[in-house]
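Visitor: Show me the folded form of this:
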Amino acid sequence: MRSIQFIIITALLSFSQQNWAVTLKIATLSPDGSYWMQQMRGAGAEITQKTEGRVKFKFYPGGVMGNDQTVLRKMRLRQLHGAALTNAALSGIYPDIQLYNLVLKFRNLAEVDFVRSKMDQMLIDGLENKGYVAMGFAEVGMAYVMSTEPIQDLDQMRRYKTWVPNNNKVALAAMEAFSISPVPLPLRDVLMGLQTGMIEVVAGSPIGALALQWHTKVKYVSDIPLLYVYGALVFDNKAMRKISPEDQTIIRQVMTKASQNVDKRSREDNINAAAAMKQLGIKFLEPTAAAAEELRTTIVSANEKIEREGNLSADKVNRLNALLTEYRSQAEK
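Guide: Sure, this is the predicted structure:
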């Protein structure tokens, strides 16, 4: 009798553990085998081990679940529980996530590091208030103008068809400020646009250009950092709430660490990617002093409009500007 009771209890406990196990489905445009995917798969395995199988992961790399907007729609329908997305993709949910995308706002990566150390958590909290749990931010890098023809000033750029992300209001407003008629396209269609001549100018980081194969079509890079690009690994808050608080803590700790690893690795990868592009014959063109000044003057005069059309919070923009002033003052000393 006791043996039968033991078997029944064991079976019930086993069923209960299986019944409460959660499999989180995560999508990304990053190709399988990339460093980002290596980190996510490693983190997923670690979380499964630490939660004793209560939390498992299924990853969908390489854009098999569609573009960013399709992935977000599938998250709303609970077909997916999380995704690694560009910050621009999240701008429709939380506009302030575009804050670091302001054009020509940062002069170098040291300024980026200082601002991010003060403001990342504020933006992460803002996303969570909108229903998305961010596991930190991962640098994509400084975006540079890349083109099929040499471009060294705004007048030349206006002659060519320029791509902007179809969901980035800040980039769209900036192009309008430069009197450039942009061609909005989702990220996954940019290579096709370059191949067909639909677009002739793009903006992206060196590592992004290699990963997305833009380097096979562009021949020139304007060597001035246009804007800062980053990504975020986000989870649907409702999916997280189905998991015990203890296991949620494990997920946050392990996945945040993975995002930090990607963040650090990206900077080194961009340096190597720029060197690789030069070896492939892509020419890096230094803008003239007059062209660089024209860019900065045009953007400064248009910033108020760009911030308004991007629906950015005035208090966060002011905070960003104050931090840059603080850092530059310290750097001068």
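Visitor: For the chain, which segments count as helices?
Guide: Using DSSP state H, the helices found in the chain span residues 2-20, 35-50, 68-76, 109-129, 154-157, 169-177, 190-196, 206-211, 237-241, 245-279, 289-309, 314-332.
Visitor: want to throw those into CSV with distance to Tyr94?
Guide: Every C-beta, even on glycine, is put in place using the N, C-alpha and C of the backbone. As requested, the helices of the chain are arranged in CSV below (distance: least, C-beta to C-beta, whole Å):
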stretch, distance to Tyr94
helix 2-20, 31
helix 35-50, 22
helix 68-76, 12
helix 109-129, 5
helix 154-157, 30
helix 169-177, 12
helix 190-196, 24
helix 206-211, 22
helix 237-241, 13
helix 245-279, 17
helix 289-309, 15
helix 314-332, 11
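Visitor: Surely Ile180 is in contact with Arg159?
Guide: No - if you go by C-beta atoms under 8 Å, Ile180 and Arg159 don't touch, sitting 9.7 Å apart.
Visitor: Comparing the two, which shows the higher neighbour count?
Guide: Shown here are Ile180 and Arg159; by other C-beta atoms under 10 Å, Ile180 has more neighbours (18 against 12).
Visitor: Excluding residues flanking it in the chain, which one is nearest Thr61?
Guide: Heads up, residue 61 is Pro, not Thr. Asp32 (4.2 Å; C-beta to C-beta, 6 or more residues apart in numbering).
Visitor: Looks like that neighbour contacts Gly62 (just checking).
Guide: Yes - counting by C-beta under 8 Å, Asp32 does reach Gly62; the two are 5.8 Å apart.
Visitor: any residues in contact with both of these two?
Guide: Residues touching both Asp32 and Gly62 (C-beta atoms under 8 Å, 6 or more residues apart in numbering): there are none.
Visitor: picking that back up, quick one, which of the helices of the chain is nearest to Tyr228?
Guide: Distance to Tyr228, taken as C-beta to C-beta, is lowest for helix 109-129 among the helices of the chain, at 5.5 Å.
Visitor: okay, and for the chain, where does confidence drop off?
Guide: Across the chain, the ranges flagged by pLDDT under 70 are 1-20.
Visitor: Show me the residue at the heart of it, geometrically.
Guide: Gly231 (1.9 Å; C-alpha atoms, centre = their mean).
Visitor: which ones are touching it?
Guide: Contacts of Gly231 by C-beta under 8 Å, 6+ apart are 84-87, 137-138, 140.
Visitor: With Pro95 instead?
Guide: Contacts for Pro95 (C-beta under 8 Å, 6+ apart) come out as 169, 310-313.
Visitor: Recalculate using a threshold of 10 Å.
Guide: 126, 130, 169-170, 307, 310-313, 316 (C-beta atoms under 10 Å, 6 or more residues apart in numbering).
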